[in-house]
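1. For reference, the sequence and a predicted model appear below.
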Amino acid sequence: MAKSAKAKPAKKAAPAKSADPKPRLALPEMGRKIGEPWVDLPDGKALANWGRDEEIAYNQTNRQTEKALFYRRTFDFLKDNRVVGDYHEYGCHRCRTFRMALTEARLHNLDAMKFFAFDSFEGLPEPTSQTSVEIWKRGALTTSVDAFMGMVRAHGIYADRVSTIKGFYDTSLTDKLRQKFLDGENKIALVNVDCDLYESAVPVFKFIDPLLQEGAVIYIDDLFAGYKGSPSKGVAKAFLEYQQKTRWRFQRHLDISWWGRSYIVFLDKHAPVGVL
């Protein structure tokens, strides 16, 4: 009888190639240290090859971590205070904070919340006010509707309750659209005003005014960005002007690192206006 041939060992499958050709950066972290200087700082050796790409990744990691913490805290506030409503975001580039909102809504079992993404989906308009950020030019910060919804669907949370409203705010935020929200009793629980420019923020504050409710939270992402922190310019200026016109009052709530701040909406005609 012929001897049976020994089965050859199966070849190991080659590791899948990463979709991202760039190597992941090992970013330094500042941790606690027992002894001087009492914080574990990266030294010259760790930063020997530090360049612009590493700086960008470092800043983005820190910034998005701060924002994620804000969303965690704020959804806890909304749920605990029984503030029932929807999520609005004005300025949705790369779907970063939008995915944070979807995640925290799911973690807090807010299964009735709807999510509205307002954006030109063609980038910024032509700025009419001077900023200190060189990249804030017409067409900058562009994410298309298809790309945005692709990220939402890939995230896999409440995608069927996400709506996009395309267009520059001075033309897309119409009285008819606002009335549609009012007719549907679509009050706002949390709104992210991430407009960058004064001229973009003005129509946003006007549009959301009748959709607000007591306990709603307004997160102004670029309160101190783009104008060297001046409250007389940019989104801060638009917010201060809006406070002079509205019946709502605003309680300062959380700081989001150096650039942003959130406010709780309430009613009290004796409360001060002009809050930053």
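-> Right, received. Where do you want to start?
2. center of the chain, which residue is that?
-> Nearest to the mean C-alpha position of the chain, counting by Cα atoms, centre = their mean, stands Thr97 at 3.2 Å.
3. For Thr103, see how far away that residue is.
-> Distance from Thr97 to Thr103, counting by Cβ to Cβ, to the nearest Å: 10 Å. Using the backbone N, CA and C atoms, a C-beta is placed for each residue, glycine as well.
4. Can you work out which residues contact both of the two?
-> Counting by Cβ atoms under 8 Å, 6 or more residues apart in numbering, the contacts common to Thr97 and Thr103 are Tyr71.
5. ok, which stretches of the stretch 151-276 of the chain are helices?
-> Along the stretch 151-276 of the chain, the segments classed as helices by DSSP state H, counting those that start in this stretch run 169-172, 175-183, 198-208, 234-243.
6. what's the closest of those helices to Tyr90?
-> helix 198-208 (4.8 Å; Cβ to Cβ).
7. pLDDT on that closest one, on average?
-> Mean pLDDT, helix 198-208: 95.
8. going forward, begin numbering at 194 instead of 1
-> In the new count, where the first residue is 194, that last one comes out as helix 391-401.
9. Remind me what that helix packs against, helices and strands.
-> Packing partners of helix 391-401 (3 or more Cβ pairs under 8 Å, 6 or more residues apart in numbering; DSSP states H and E): strand 279-283, helix 362-365, strand 381-386, helix 427-436.
10. Take these and lay them out in CSV including mean pLDDT, mean neighbour count and distance to Ala464.
-> Formatted as CSV, the helices and strands packed on helix 391-401 follow (pLDDT from 0 to 100; neighbours: other Cβ atoms under 10 Å; distance: least, Cβ to Cβ, whole Å):
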stretch, mean pLDDT, mean neighbour count, distance to Ala464
strand 279-283, 98, 24, 23
helix 362-365, 95, 15, 28
strand 381-386, 98, 25, 20
helix 427-436, 96, 21, 10
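11. Gly224 is nearest to which of those?
-> strand 381-386 (30.3 Å).
12. neighbouring contacts of that closest one?
-> Identification of contacts with strand 381-386 by Cβ under 8 Å, 6+ apart yields 267-268, 271, 276-284, 290, 294, 306, 394, 397-398, 401, 404-406, 408-414, 428, 432.
13. Can you dump the C-alpha atoms of it in PDB for me?
-> Extracted C-alpha coordinates of strand 381-386, given in PDB (Å, rounded to 0.1, in the frame of the first residue of the first chain):
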ATOM      1  CA  ILE A 381     -33.100  71.900  20.600                       C
ATOM      2  CA  ALA A 382     -31.400  70.100  23.400                       C
ATOM      3  CA  LEU A 383     -27.800  70.700  22.300                       C
ATOM      4  CA  VAL A 384     -26.500  72.900  19.500                       C
ATOM      5  CA  ASN A 385     -22.900  73.200  18.300                       C
ATOM      6  CA  VAL A 386     -22.200  76.500  16.700                       C
END
